[in-house]
Structures are given as C-alpha cells and as structure tokens.
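K.L.:
Coordinates only, no sequence provided:
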C-alpha cells in the first residue's frame, strides 16, 4: 500500500514536476466541489453558455449568483496543499500547475500567473465576450445590486461574463496548448484532488504517462486512471503535502 514516504521519494527524485489540481484540493479551503452529492450543481442548475449569451434573464441569474456568492467559488484562503505547491515551485521542483479550479487560490498562495494554467477560467474577475477587456468583479456590482443593471463592457458595451468556462463554452485554446506543453516536459505528473472524469482536461495524466513521466494520483476516492499510475495515495492533500514538503 502506498504511503506518504513513497510520494516523498518520487518528489525528491523528480527534476521537473507538473501538478494537476481539481476540486479536492480546494474543498480543504471550504470551497464546495461541483459534481458530488451536495456539490454546487446539486443545488443549482448551471447556466449554459448559449443561454447566457441569448437571454438577458439568464445573464441576470448568473450575475446574481456571482455577486451573492451562492456558488461559493471565491473568498476563501489557500490551504496547506496550495502552500506546499508554492514551496515546491520556490525550490525549483514544480514548474507549473494545471488546474480545473476557478478560485484563484494557487495565485493567492504565491504562485505567479505564469505558473498557473487555468483550464476552466477564473471566477475572481470578468471579461468582455466581445473585446476581451478585463473587468474587476466588484466594479459592476453596485449598479446591479442597486439598479438591476446587467454588466456590460465599459469600452464596447459588449456582454460581460465572469472569466469562467461555462457548460457549452469552448475550452480556451492557449491554456490547453500550454497545459500540453507542460505535460510533455515533466518527469513527474502529480494529480491532486481530481476525479479525472472531465475531458479533455482529464486526458493530460495519460499524455504524461505515455511520454515517460511518472504518474502520481492523490485523491480521497479512487479514479478511473488509478490503474495507470505509478503511485496512488488516498489521503488528505494538505496534511500529506505539508508533511512531505515542510
């Protein structure tokens, strides 16, 4: 049975680590996951991207969720797992984190924006779907709360949306390309807290393995890719990594 000492050995032997993080690393910060019983999508139906674009009332609903914090995606602090990854990066072991999370906690832990590859976007700010201009999430809030004004771009008046990738929205090409590059460049691919059921993101561990990297999966529950991994550890991420990367 795999142990924390086995994981410590693989990390010590690695020259270039790519981490791949899912909801399981952020639940330890109190952020709910999406798909499990009691998760976000069991409490509220996701707003489809096409509906958001076509229907002002769906945009109103999405912004109501964002401003009220009902989804619980933002406003938390990094936990021990995030901080351990930041220490690995400072020591030159970890080159990048590919994340399915939208909570900005990797950046809050001290990783640079260049070190974090966000496959599903970021809920801490918004962008214009027409011109791409960034909007800080708090800027349109007073007009929405006080007058019911749906956010629009301050430059081109286009539709503004939180910078997350919604159901039905195309995966971002640049992050996907960077993720593949980092996957192929590593000698240890470290999966932390992902159920590995959402594709195409969940394909990266197999790409790394087939390219010769060691594959490690740390997750509380078994995944479909456990049989391909060099090491599987069913453990709490924060406590495990804190012990391994003091």
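P.N.:
Yes, it's here. This one's a predicted model, so the numbers in the text were calculated from it and none came from an experiment.
K.L.:
longest single strand anywhere in the chain?
P.N.:
Longest strand in the chain by number of residues (criterion: DSSP state E): strand 121-128.
K.L.:
Tell me the secondary structure of the residue positioned nearest the centre of the chain, please.
P.N.:
In the chain, the C-alpha nearest the mean C-alpha coordinate belongs to residue 101, at 1.8 Å (Cα atoms, centre = their mean). When the structure is reduced to helix, strand and coil (DSSP: H, G, I helix; E, B strand; the rest coil), residue 101 reads as coil.
K.L.:
if I look at it, how far off is residue 205?
P.N.:
Using Cβ to Cβ, to the nearest Å, residue 101 is found at 16 Å from residue 205. (Glycine included, C-beta is placed from N, CA and C.)
K.L.:
same deal with residue 46?
P.N.:
Remark: distance between residue 46 and residue 205 (Cβ to Cβ) = 25 Å.
K.L.:
now residue 94
P.N.:
16 Å.
K.L.:
Next: residue 106.
P.N.:
According to Cβ to Cβ, residue 106 and residue 205 sit 18 Å apart.
K.L.:
Equivalent analysis for residue 82, please.
P.N.:
The gap separating residue 82 from residue 205 is 20 Å, by Cβ to Cβ.
K.L.:
would you list every one of the helices in the chain?
P.N.:
When secondary structure is read from DSSP state H, the chain shows helices at 4-13, 23-26, 40-43, 49-54, 56-68, 80-90, 105-108, 141-147, 173-185, 204-210, 237-244.
K.L.:
So what angle separates the directions of the first one and helix 237-244?
P.N.:
Calculated by axes from the mean of the first three to the mean of the last three Cα atoms, to 10 degrees, helix 4-13 forms an angle of 70 degrees with helix 237-244.
K.L.:
Run through this structure and note the low-pLDDT ranges.
P.N.:
In the prediction, the chain carries residues with pLDDT under 70 at positions 34-43, 70-75.
K.L.:
My guess is residue 97 contacts residue 107. True?
P.N.:
No - Residue 97 lies out of contact with residue 107 (Cβ atoms under 8 Å); the separation is 9.7 Å.
K.L.:
If you count surrounding residues, which of these two has more?
P.N.:
The residue with more neighbours, out of residue 97 and residue 107, is residue 97; 28 against 20, by other Cβ atoms under 10 Å.
K.L.:
ok, that one - contacts?
P.N.:
Counting by Cβ atoms under 8 Å, 6 or more residues apart in numbering, residue 97 makes contact with 18-21, 85, 106, 111, 115-117.
K.L.:
Give me the distance from stretch 206-225 to the chain's centre.
P.N.:
Using Cα atoms, centre = their mean, to the nearest Å, the distance from the centre of stretch 206-225 to the centre of the chain it belongs to is 17 Å.
K.L.:
and if you look at stretch 27-36?
P.N.:
The offset between the C-alpha centroid of stretch 27-36 and the centroid of the whole chain comes to 11 Å, using Cα atoms, centre = their mean.
K.L.:
For residue 22, which non-adjacent residue is spatially closest?
P.N.:
Take residue 22 and drop its neighbours on the chain: the residue closest to it by Cβ to Cβ, 6 or more residues apart in numbering is residue 194, 2.8 Å away.
K.L.:
Show the contacting residues for residue 194.
P.N.:
20-24, 100, 202, 219, 223.
K.L.:
Scan the residues you listed and report the most crowded one.
P.N.:
Ranked by the number of neighbours (other Cβ under 10 Å), the contacts of residue 194 place residue 20 first, at 30 neighbours.
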